[in-house]
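Asks: I would like the atomic coordinates for the input below:
(one chain, ligands or ions: 2)
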Amino acid sequence: MMIGVIADDFTGATDIAGFLVANGLATTQMIGVPEAGTTVEGDAVVVSLKSRSNPAGEAVADSLAALEWLQSLGCRQIFQKYCSTFDSTAKGNIGPVADALMAAIGTDITVVCPALPINGRSIYKGYLFVGDQLLQESGMKDHPITPMTDSNLMRLMEMQSKGRAGVVTTATVERGVEAVRAEIERLRASGVSYVVLDAVSDAHLDVLGQAVADMALVTGGSGLGAGIARAVATGDTGRIEELARAAAEAGTPLHGPGIVISGSCSVMTNAQVAAYRDLAPVFDVDVERCLADPDAYGAEMAEWALAQPQDGGRPAPLITATAKPEVLRGIQARYGAAASEAVERAFAAAARRLADGGIVRFVVAGGETSGSVTQALAVSGFAIGPQIAPGVPWVRAVDRPLSLALKSGNFGAESFFVDCQPAEIRAVIGGAA
Ligand SMILES: Nc1ncnc2c1ncn2[C@@H]1O[C@H](COP(=O)(O)OP(=O)(O)OP(=O)(O)O)[C@@H](O)[C@H]1O
Ligand SMILES: O=C(O)[C@@H](O)C(=O)CO
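Replies: Ligands and ions are numbered 1, 2, ... in the order given. Okay, the predicted model is just below:
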């Protein structure tokens, strides 16, 4: 096994797994840390944790357990995967987990690169941009759990971790692989542990992938994963095509009734919900009812969805808690973090009942939301299928007949929920081919 990925949420895990497969690495995604002795074949394996927003001690313990299992498979590189919008404030878990992984692996240096240019995330002089905006000016400033008010990755890493941070700037990246390696070494010798890597294009990620392919520990987003995959994938185009065919076969979505569950409040998810609302039956979640009795209310959501006909070109129903920033601020001012937790718990209860009731295709928006839903469905791993949008592959549960599309908050086009419907339904309601 070449690469072992420790992902801090479930959509992030499917995101990087999809890019590793698309760039030539046979990859499996595991849900949680498998039992000791579990083996997996292939070039890369991704462990999905739900460790982005829990207490740092738990995130560290879960990540170290994942590391131990990945080391037992003989992984020669560990990749700490976090969000392309960082999603980690001054008190976040990325630094503590990176510190612990470095100590356990026995290295004094790693890189920090959440860039994902294809989805508009770029890094320039160590500052993270979302599209044309600094991270702190983008919709991420209103995130319900991790509002991002700083865009400087060096500062964020130094606030969270024990080490010092430095940056390899675009100018160096453009001088090529050896220049990047030399700069990382120069920074290491000067006492830096966290080297932020600038990247504003896939060409930069190609250089960076080659430059860091031999490092014991790297950290970042799926863009860096793709760059490393392109650097280390042994095969020729024939093998890559064969892998793509195998992935398409293993991950192609099952036929049967579906559901769309939206718990992300991102700008893009708000637009996707608004677009789908005009086309499909919608259940708008009442947060106060989630707080009052999440399990009973979740079951009620599921009964509503199961009663919606899906024949005759009708799209899957939508259950949504997605809220605009001003509405969310009001809810949070009133109930604090309990509101988000209650919504997640209600979605988990709904998911269990929906699967029992025969739903086989789950489209879920939001990383935390996807974590709750996937854990409720009690699956152990995913085969990775074709990408619906960059960073969102179809995945198929390995131990029960379920297809899922786990969408990171800001990923996908406005038509994303339509794009997830079977071809015969898209033919009736529109959407991408
Ligand atoms: N109306 C609401 N009121 C309060 N909390 C909500 C509401 N709707 C959703 N939430 C909560 O907000 C959180 C959204 O986080 P989630 O990770 O699912 O989405 P995201 O951050 O947009 O996605 P990603 O992490 O993939 O970028 C979840 O905990 C969800 O339960
Ligand atoms: O990197 C991203 O943006 C996503 O994979 C993610 O982690 C969202 O939760």
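
Asks: Neighbours of the closest residue to ligand 2 within the stretch 151-300 of the chain, how many?
Replies: Closest residue of the stretch 151-300 of the chain to ligand 2, CB to the nearest ligand atom: Gly221 (4.4 Å). C-betas here are computed from N, CA, C, even on glycine. By other CB atoms under 10 Å, 29 other residues sit near Gly221.

Asks: Hmm, Gln80 and it touching each other?
Replies: No. Counting by CB atoms under 8 Å, Gly221 stays clear of Gln80, with 10.4 Å between them.

Asks: which strand of this protein spans the most residues?
Replies: strand 381-389 (DSSP state E).

Asks: I'd like the average pLDDT over that strand.
Replies: Average pLDDT, strand 381-389: 92.

Asks: In terms of secondary structure, what does it contact?
Replies: Applying 3 or more CB pairs under 8 Å, 6 or more residues apart in numbering; DSSP states H and E, one finds that strand 381-389 contacts helix 10-22, strand 27-31, helix 237-251, strand 392-397, strand 403-407, helix 416-419.

Asks: before we move on, the earlier item: what's near enough to touch the residue of the stretch 151-300 of the chain closest to ligand 2?
Replies: 12, 15-16, 81-84, 113-116, 121 (CB atoms under 8 Å, 6 or more residues apart in numbering).

Asks: Can you add secondary structure, neighbour count and pLDDT and give those residues back as JSON lines?
Replies: Formatted as JSON lines, the contacts of Gly221 follow (DSSP: H, G, I helix; E, B strand; the rest coil; neighbours: other CB atoms under 10 Å; pLDDT from 0 to 100):
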{"residue": "Gly12", "secondary structure": "helix", "neighbour count": "28", "pLDDT": "95"}
{"residue": "Asp15", "secondary structure": "helix", "neighbour count": "32", "pLDDT": "96"}
{"residue": "Ile16", "secondary structure": "helix", "neighbour count": "30", "pLDDT": "97"}
{"residue": "Lys81", "secondary structure": "strand", "neighbour count": "27", "pLDDT": "98"}
{"residue": "Tyr82", "secondary structure": "coil", "neighbour count": "25", "pLDDT": "97"}
{"residue": "Cys83", "secondary structure": "strand", "neighbour count": "29", "pLDDT": "96"}
{"residue": "Ser84", "secondary structure": "coil", "neighbour count": "31", "pLDDT": "96"}
{"residue": "Cys113", "secondary structure": "strand", "neighbour count": "27", "pLDDT": "98"}
{"residue": "Pro114", "secondary structure": "coil", "neighbour count": "28", "pLDDT": "98"}
{"residue": "Ala115", "secondary structure": "coil", "neighbour count": "30", "pLDDT": "98"}
{"residue": "Leu116", "secondary structure": "strand", "neighbour count": "31", "pLDDT": "98"}
{"residue": "Arg121", "secondary structure": "strand", "neighbour count": "25", "pLDDT": "97"}
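
Asks: can I get these in JSON lines with distance to ligand 1?
Replies: Listed next are those as JSON lines, based on distance: CB to the nearest ligand atom, whole Å:
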{"residue": "Gly12", "distance to ligand 1": "7"}
{"residue": "Asp15", "distance to ligand 1": "8"}
{"residue": "Ile16", "distance to ligand 1": "13"}
{"residue": "Lys81", "distance to ligand 1": "12"}
{"residue": "Tyr82", "distance to ligand 1": "10"}
{"residue": "Cys83", "distance to ligand 1": "6"}
{"residue": "Ser84", "distance to ligand 1": "9"}
{"residue": "Cys113", "distance to ligand 1": "18"}
{"residue": "Pro114", "distance to ligand 1": "12"}
{"residue": "Ala115", "distance to ligand 1": "16"}
{"residue": "Leu116", "distance to ligand 1": "12"}
{"residue": "Arg121", "distance to ligand 1": "11"}
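
Asks: any weak-confidence spans in the stretch 151-300 of the chain?
Replies: Counting by pLDDT under 70, the stretch 151-300 of the chain shows low-confidence ranges at 235.

Asks: And for Val130, nearest residue in space, chain neighbours not counted?
Replies: Spatial nearest neighbour of Val130, excluding adjacent residues (CB to CB, 6 or more residues apart in numbering): Ser138 at 3.8 Å.

Asks: circling back to that earlier point, present the contacts of Gly221 as a markdown table; the columns should include distance to Thr170.
Replies: Shown next, in a markdown table, are the contacts of Gly221 (distance: CB to CB, whole Å):
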| residue | distance to Thr170 |
| --- | --- |
| Gly12 | 25 |
| Asp15 | 24 |
| Ile16 | 23 |
| Lys81 | 23 |
| Tyr82 | 21 |
| Cys83 | 22 |
| Ser84 | 17 |
| Cys113 | 12 |
| Pro114 | 15 |
| Ala115 | 11 |
| Leu116 | 16 |
| Arg121 | 15 |
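
Asks: Let me know the helix or strand that Asp206 is in.
Replies: In the assignment (DSSP states H and E), Asp206 maps to helix 202-212.

Asks: right, is that helix up against ligand 2?
Replies: No. Applying CB under 6 Å from any ligand atom, one finds helix 202-212 separated from ligand 2 by no less than 13.4 Å.

Asks: quick one: contacts of the helix or strand just after that helix?
Replies: Remark: after helix 202-212, the chain's next helix or strand is strand 217-220, criterion DSSP H and E. For strand 217-220, the surrounding residues in contact (CB under 8 Å, 6+ apart) are 77-82, 94, 98, 101-102, 105, 107, 110-115, 197, 212, 224, 228.
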